[in-house]
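S.K.: Quick check, what structure comes out for this input:
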Amino acid sequence: MTENAGGKEAFILSAFRLLKDSYSFTFLVDRDDVAHQEELLALGARIARVPARRQHPIGYVRAVSRLVRTGGFHAVWLHQTVISSIEPLVAARAVGVPVRVLHSHSSANMSGRVSGILHHLQRPLTGLYANRRYACSAEAAQWLFGDTAWTFVPNIFDPDPFSFDADRRARVRRQLGLHPQERAVVHVARLGPAKNHAFDLRIMEELRAMGVRAQLLLCGDGPYRENLAADVQRMSLDHMVTFLGPRKDVPDLLQAADVMILPSTFEGLPYTALEAQAAGLPLLLSQAVSTSAQVGGQVTVLDLARGPAPWAQAIAAVDPGASPRRPNAVKGSPFDAGTALPRFQELLAADTPKES
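M.R.: Next comes the predicted model:
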């Protein structure tokens with residue numbers, strides 16, 4: 001578990017909520033603060049802190065080995081976007097933990113050069129230590145497992161808070177100062193390299209040139225915040241871009257929006273794409289986003305190589321006064337946490353499920 005409240009952490013939290021009455025949970029942490037810590041502790045989880053791996057690699061390995069050796073664990077479930085660390089699974093195999101899971105959440109390196117080197121060195125070794133290979137999409141599976149068999153595990157969440165409500169939409173739009181005819185374009189993502197926020201600004205330039213009244217709502221924070229803010233100033237887009245920062249009211253923001261954009265350069269399977277479809281919100285995806293993210297919502301896939309104009313044209317075609325929206329596409333799907341318990345109990349059963 002990390003301090004970033006991103007998609008990987010959202011999955012871990014959802015799985016914990018689903019399984020907490022069947023298992024006791026220990027979260028391995030090598031930093032001071034982690035996402036969702038208050039809820040984890042309130043619901044009975046144990047947080048086991050170990051020395052930071054980057055600063056104290058030997059101390060980290062010793063502490064992880066001691067934790068796994070003395071924990072009496074049924075399962076060790078390692079969530080990765082890049083294989084920079086497999087020590088928990090090595091320790092689990094050494095003491096005979098029956099369920100040893102490596103779970104892929106991305107389709108490319110989201111970290112630095114060193115992590116990329118470690119990924120390519122350690123990827124051939126994972127089969128020695130993991131006896132389950134889980135992934136959120138085929139692209140994520142290829143990134144971590146290559147052509148080895150794997151099991152699809154959906155990014156589950158509770159879709160009910162995202163269901164469209166016209167009164168909530170009106171209230172949140174008033175709070176955000178949005179004009180009734182202003183198209184609210186939302187991008188919910190960490191402000192980092194994979195999410196391609198610079199492309200967002202090019203879309204807004206196109207909309208301005210078209211004379212379309214629109215507001216870009218950037219929900220999230222990250223290392224690119226300062227650069228993006230400087231670009232907004234340089235491009236004179238101050239009146240068209242709002243930095244909302246990290247938010248806990250994403251379901252409300254999606255009610256207020258008219259369209260969500262995800263021009264990502266790579267992804268595993270983004271929660272935000274699923275949430276948009278739960279809210280009945282038109283969704284514009286780049287071709288880099290897995291087709292697994294399409295669950296029956298109003299989805300349009302656009303090629304980044306064609307530039308921002310098709311994105312701006314699609315946004316301009318959206319009617320900000322359109323109501324009602326499409327129904328919640330996630331309810332009853334494999335991504336609905338309300339129907340996922342039997343599947344997740346099977347994923348942690350002692351008998352290894354068939355991988356495909």
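S.K.: List the buried residues in stretch 280-298.
M.R.: 280-286, 288-290, 292-295, 297-298 (16 or more other C-beta atoms under 10 Å). C-beta coordinates here come from the backbone N, C-alpha and C atoms, glycine included.
S.K.: Mind checking which of these are in strands?
M.R.: If you go by DSSP state E, the buried residues of stretch 280-298 have Leu283, Leu284, Leu285, Ser286 in strands.
S.K.: ok so, going back, out of the buried residues of stretch 280-298, the closest to Glu87 would be?
M.R.: Using C-beta to C-beta, Ser290 comes nearest to Glu87 of the buried residues of stretch 280-298, at 28.9 Å.
S.K.: and the closest one, what pLDDT?
M.R.: Per-residue confidence at Ser290 stands at 88 (pLDDT).
S.K.: Please list all residues in contact with the closest residue to it other than its chain neighbours.
M.R.: Closest residue in space to Ser290, ignoring its immediate chain neighbours: Ser137 at 3.9 Å, by C-beta to C-beta, 6 or more residues apart in numbering. For Ser137, the contacting residues are Ser107, Phe152, Glu267, Gly268, Leu269, Ser290, Ser292, Ala293, by C-beta atoms under 8 Å, 6 or more residues apart in numbering.
S.K.: name the element Arg66 belongs to?
M.R.: helix 57-71 (DSSP states H and E).
S.K.: hang on, the earlier thing: can you put the ones in strands among the buried residues of stretch 280-298 in a markdown table and add distance to Gly44 and pLDDT?
M.R.: A markdown table is the format used below for these (distance: C-beta to C-beta, whole Å; pLDDT from 0 to 100):
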| residue | distance to Gly44 | pLDDT |
| --- | --- | --- |
| Leu283 | 36 | 97 |
| Leu284 | 40 | 98 |
| Leu285 | 37 | 97 |
| Ser286 | 40 | 96 |
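S.K.: hey, where'd the strands end up in the stretch 1-150 of the chain?
M.R.: 26-29, 46-49, 75-80, 99-104, 132-135 (DSSP state E, counting those that start in this stretch).
S.K.: strands paired with the last one, and their directions?
M.R.: The partner list of strand 132-135 in its sheet, established with DSSP bridges, is strand 99-104 (parallel), strand 151-152 (parallel).
S.K.: Please report how far the residue nearest to Ser290 lies from Ala276.
M.R.: With distances taken as C-beta to C-beta, to the nearest Å, Ser137 is found 17 Å from Ala276.
S.K.: Give me the below-cutoff pLDDT ranges for the stretch 251-356 of the chain.
M.R.: Where the stretch 251-356 of the chain drops to pLDDT under 70, the residues are 323-324, 352-356.
S.K.: how about the helices in it?
M.R.: 271-278, 309-316, 341-347 (DSSP state H, counting those that start in this stretch).
S.K.: What residues does the nearest residue to Gln298 once chain neighbours are set aside make contact with?
M.R.: Distances taken as C-beta to C-beta, 6+ apart put Pro282 closest to Gln298, at 4.7 Å, once the chain neighbours are dropped. By C-beta under 8 Å, 6+ apart, the contact set of Pro282 is Asp258, Val259, Met260, Ala276, Gln298, Thr300, Val318.
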